[in-house]
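> quick one: sequence and predicted model below, then my questions.
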There are 2 protein chains.
Amino acid sequence: MENTATTDRKAAERAARKELILQGALTVFKEKGLEGAKIDEIARVSGFGKATLYYYFSSKEEIFNALLLHGWLSLWRELEETAVGGDSPRRTFISMLKKIAETVNADRPLYEFLFQAPKSFTAEENNRAEWKAYQNRLYKVLMELIEQGITEGQFPQMEPRLILKAMGGLFHGLVFWGADRGSITEDEIEEMLGNLLRGN
Amino acid sequence: MENTATTDRKAAERAARKELILQGALTVFKEKGLEGAKIDEIARVSGFGKATLYYYFSSKEEIFNALLLHGWLSLWRELEETAVGGDSPRRTFISMLKKIAETVNADRPLYEFLFQAPKSFTAEENNRAEWKAYQNRLYKVLMELIEQGITEGQFPQMEPRLILKAMGGLFHGLVFWGADRGSITEDEIEEMLGNLLRGN
DNA sequence: CGGTTATTCGAACGAACGGTCGAATAATAG
DNA sequence: CTATTATTCGACCGTTCGTTCGAATAACCG
């Protein structure tokens, strides 16, 4: 049998290789989507033989899901704290958007993928995926903030889903456009939201 | 040779059959997307043999593009008039959204498809497609209205693309949610926009 | 009618692709 | 060292699916 140190090292190497594969997969998935990405290409880009990919992952979809899970989980972990801070709904909402922007800017390729990828799915297969839980958790928090904010007169009197959708579109554009200039400042977010969200 | 009446009738029948195929294709594409839709299924749903589809269209992609072209062209034709009416930017913008809502409600399956479909593409192949011209034309008009509106103080002072994106998200939600209740009233649009667009 | 053209269609083709196999190599243990 | 296990990989397999073929039928014309 192996000694403990060896076992640990091997586990670490294994994890590192999985990471490399995911990195290559991200590149290809981003460019081609779920169907368009070929296993052969992912293998080539990540620098492993095709069969080796299957030594680490059991299917193409598992790779895809691992990527999404990693993304949504990371994002959620970053936001968890902000979500429960006892500020007003409107201020909490804005804080969360700022935090999301920061997180996204720390790993743009991953999050660009994250926010485009769900469109690759039909509703059916979507709901069996593990990552979906974290996405839902985030949406739920934002929705509740909006609902709360509406009753307190800090948001326009509109269907909350609509507000979320509009804010989502706006925010997505805000964060992902201008990839050339580094990142969005907090002031810009503040100003931009101020333009759309009245009250307070 | 055939006489004129016969030729006409046959052309009409041919067009009608193309229409039937497109109708079936719409059903399948909507449900499965470009990759997910199988030619066999489109054939089955539209009631023709598989080879017959290729007697009318030269490829799966041609069917897909024909569908998109038909949609964007129809939509543009509906809007053309409204776009050039000499009203204020803000009022013209709102009129156009109303008109879009009406048009969409007149053939929901087609337009639901139209507004979801572009995501099936990569940027590359997107720009060679004929329908893209009409989509761009529409976006351009809306963008110009927003830009004009901003300088006249009828829209918030924001990056026009962002406004368009936010309005797009909002409008999309507004029109396509609640498929159960018939259609959105003009008043609702007016009110909803009023909440987001200050000035005027 | 017979000849010609238009239309229809299932069977067959061939390329693409996800996934597996089995052999080869490297790492580890005793 | 040998034995055992972990890892790597290109060749291969089976399926799926867009497209084409070739024969059959229908429509039309003189």
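In hand now; what should we look at?
> mind giving me the packing neighbours of the helix or strand containing residue A:95?
Assigned by DSSP states H and E, residue A:95 belongs to helix A:89-106. Helices and strands touching helix A:89-106, by 3 or more C-beta pairs under 8 Å, 6 or more residues apart in numbering or on different chains; DSSP states H and E, are helix A:60-84, helix A:131-151, helix A:160-176, helix A:186-196. Bear in mind the C-beta positions are built from the backbone N, C-alpha and C, glycine included.
> low-confidence stretches in chain A?
In the predicted model, chain A carries pLDDT under 70 at residues A:1-3, A:5-6, A:118-127, A:178-186, A:195-200.
> what about the longest helix in it?
helix A:4-36 (DSSP state H).
> export the following helix or strand past it as PDB, just CAs?
Going down the chain from helix A:4-36, the next helix or strand is helix A:39-46, by DSSP H and E. C-alpha atoms of helix A:39-46 as PDB (Å, rounded to 0.1, in the frame of the first residue of the first chain):
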ATOM      1  CA  ILE A  39     -14.500  15.800 -27.100                       C
ATOM      2  CA  ASP A  40     -11.600  15.500 -29.400                       C
ATOM      3  CA  GLU A  41     -11.100  19.200 -29.400                       C
ATOM      4  CA  ILE A  42     -11.400  19.500 -25.700                       C
ATOM      5  CA  ALA A  43      -8.800  16.800 -25.400                       C
ATOM      6  CA  ARG A  44      -6.500  18.600 -27.900                       C
ATOM      7  CA  VAL A  45      -6.900  22.000 -26.200                       C
ATOM      8  CA  SER A  46      -6.300  20.700 -22.700                       C
END
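> in helix A:39-46, which residues are buried?
For helix A:39-46, burial by neighbour count (16 or more other C-beta atoms under 10 Å in any protein chain shown) applies to A:39, A:41-43, A:45-46.
> and of the helices and strands packed on helix A:89-106, who's closest to residue B:57?
helix A:60-84 (30.4 Å; C-beta to C-beta).
> can you give me the neighbour number for the closest residue to residue A:155 other than its chain neighbours?
For residue A:155, ignoring the flanking residues on the chain, the nearest one in space by C-beta to C-beta, 6 or more residues apart in numbering or on different chains is residue A:149 at 4.1 Å. Neighbour count for residue A:149, taken as other C-beta atoms under 10 Å in any protein chain shown: 23.
> gap between residue A:176 and DNA strand D?
Residue A:176 is 31 Å from DNA strand D, where distance means C-beta to the nearest atom of the strand, to the nearest Å.
> what sits against that residue?
A:104, A:112, A:115 (C-beta atoms under 8 Å, 6 or more residues apart in numbering or on different chains).
> who's in contact with the first one?
What it means is residue A:104. So residue A:104 contacts A:111, A:175-176 (C-beta under 8 Å, 6+ apart).
> any chance of the residues you listed in CSV, with distance to residue A:55 too?
Listed next are the contacts of residue A:104 as CSV, based on distance: C-beta to C-beta, whole Å:
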residue, distance to residue A:55
A:111, 28
A:175, 37
A:176, 35
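> ok, of those residues, which one's closest to residue A:93?
residue A:175 (15.4 Å).
> touching, the closest one and residue A:101? I think so.
Yes: checked against C-beta atoms under 8 Å, the pair residue A:175 and residue A:101 is within contact range at 5.3 Å.
> mind checking which of the two has more residues around it?
A count of neighbours by other C-beta under 10 Å puts residue A:175 above the other of residue A:175 and residue A:101, at 23 against 20.
> near DNA strand D, which residues of chain A are found?
Contact residues, chain A versus DNA strand D (C-beta under 7 Å from any atom of the strand): A:10, A:13-14, A:17, A:48-52, A:55-56.
> of all those, which two lie farthest apart?
Longest distance between any two of these is 22.5 Å, between A:10 and A:50; criterion C-beta to C-beta.
> which one of the residues in chain A is closest to chain B?
Per C-beta to the nearest C-beta, residue A:169 is where chain A lies closest to chain B, at 2.8 Å.
> that older thread, a markdown table for the contacts of residue A:176, including distance to residue B:85?
As requested, the contacts of residue A:176 are exported to a markdown table (distance: C-beta to C-beta, whole Å):
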| residue | distance to residue B:85 |
| --- | --- |
| A:104 | 41 |
| A:112 | 39 |
| A:115 | 37 |
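> closest to DNA strand C among the residues you listed?
Lowest distance from DNA strand C to those (C-beta to the nearest atom of the strand) belongs to residue A:112, with 21.3 Å.
> give the buried residues for the helix or strand where that closest one lies.
Residue A:112 belongs to helix A:108-116 when assigned by DSSP H and E. Neighbour counts over helix A:108-116 (16+ other C-beta under 10 Å) mark A:110-115 as buried.
> what packs against that helix?
Secondary elements touching helix A:108-116 (3+ C-beta pairs under 8 Å, 6+ apart): helix A:4-36, helix A:60-84, helix A:160-176.
> now it - C-alpha only, PDB.
Output in PDB follows, covering the C-alpha atoms of helix A:108-116 (Å, rounded to 0.1, in the frame of the first residue of the first chain):
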ATOM      1  CA  ARG A 108     -14.200  36.600 -16.700                       C
ATOM      2  CA  PRO A 109     -13.900  33.600 -18.900                       C
ATOM      3  CA  LEU A 110     -15.600  31.400 -16.400                       C
ATOM      4  CA  TYR A 111     -18.500  33.800 -15.700                       C
ATOM      5  CA  GLU A 112     -19.100  34.700 -19.300                       C
ATOM      6  CA  PHE A 113     -19.600  31.100 -19.900                       C
ATOM      7  CA  LEU A 114     -21.800  30.700 -16.800                       C
ATOM      8  CA  PHE A 115     -24.200  33.400 -17.900                       C
ATOM      9  CA  GLN A 116     -24.500  32.200 -21.400                       C
END
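> that helix vs helix A:60-84, what angle?
90 degrees (axes from the mean of the first three to the mean of the last three C-alpha atoms, to 10 degrees).
> and for helix A:108-116, what's in contact with it?
So helix A:108-116 is contacted by A:26-27, A:29-30, A:67-68, A:70-72, A:74-75, A:103-104, A:172, A:176, A:179 (C-beta under 8 Å, 6+ apart).
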